[in-house]
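[1] need a structure here:
(one chain, ligands or ions: 1)
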Amino acid sequence: MKIKIIYTSLTGNTQEAVAVLSAALTALAAQVEVFDSEDGIEVADFFNDADAYVLASFTDEDGQLPDGILDFYDDLTDFDLTDIPVAVLGTGDTTYADFCRAVDVLTDQCQEDGAQLAVPSLKIELAPDAAATQEIKRFARQLTQQIAA
Ligand SMILES: Cc1cc2nc3c(=O)[nH]c(=O)nc-3n(C[C@H](O)[C@H](O)[C@H](O)COP(=O)(O)O)c2cc1C
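    Numbers count the residues shown, from 1 in each chain. The predicted structure is shown next:
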């Protein structure tokens, strides 16, 4: 099975979470392709040729989506994802009022586009600690099981 991941990360926490996820999926025999959204892949090219798709983002000031994933998000707002398996995760900081709001924004948009949310969205405090690493591994297991089902 093939899984594509797109992420944005400024200080490395989300990138670290994606590295944990990617390793966990690979250990579960998935073929994984990872894209940095700042490299500018088109939505139509990303949502193509895989069994499931993962979106990962930190949350920026006032609960906003980071600049690095805004173009991708804008194109997502009128894209058809009917029945496509999607999963969302992200990192944030609980000292902010809108903890990991970008995860909710991306999840809501994918569902509005008709995507099938393959696993519940996952919010991680800063860089993944041991407990978060276990949660990411469980997220990976659930995702592969969902695709295989
Ligand atoms: C200016 C600024 C604003 C932030 N605003 C939020 C926020 O509203 N909600 C949140 O959960 N985290 C917020 N954060 C925390 C980041 O999302 C968090 O540090 C995240 O792990 C960074 O991810 P990255 O290392 O992948 O860039 C903010 C961080 C900065 C520097």
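[2] alpha carbons only for contacts and neighbour counts from here, please
    Fine.
[3] Name the SS class of Ala140, please.
    What DSSP: H, G, I helix; E, B strand; the rest coil gives for Ala140 is helix.
[4] Could you give the number of residues near it?
    Neighbour count of Ala140, defined by other C-alpha atoms under 10 Å: 24.
[5] Quick one, grab the pLDDT at it.
    Looking at Ala140, its pLDDT stands at 98.
[6] Quick one: residues contacting it.
    21, 24-25 (C-alpha atoms under 8 Å, 6 or more residues apart in numbering).
[7] Now render the residues you listed as CSV, adding neighbour count.
    Compiled in CSV, the contacts of Ala140 are given as follows (neighbours: other C-alpha atoms under 10 Å):
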residue, neighbour count
Leu21, 24
Ala24, 21
Leu25, 23
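[8] Sort out which of those are in helices and list them.
    21, 24-25 (DSSP state H).
[9] thinking again about what came up before, between the contacts of Ala140, which sits nearest Asp60?
    The closest of the contacts of Ala140 to Asp60 turns out to be Leu21 (C-alpha to C-alpha; 21.7 Å).
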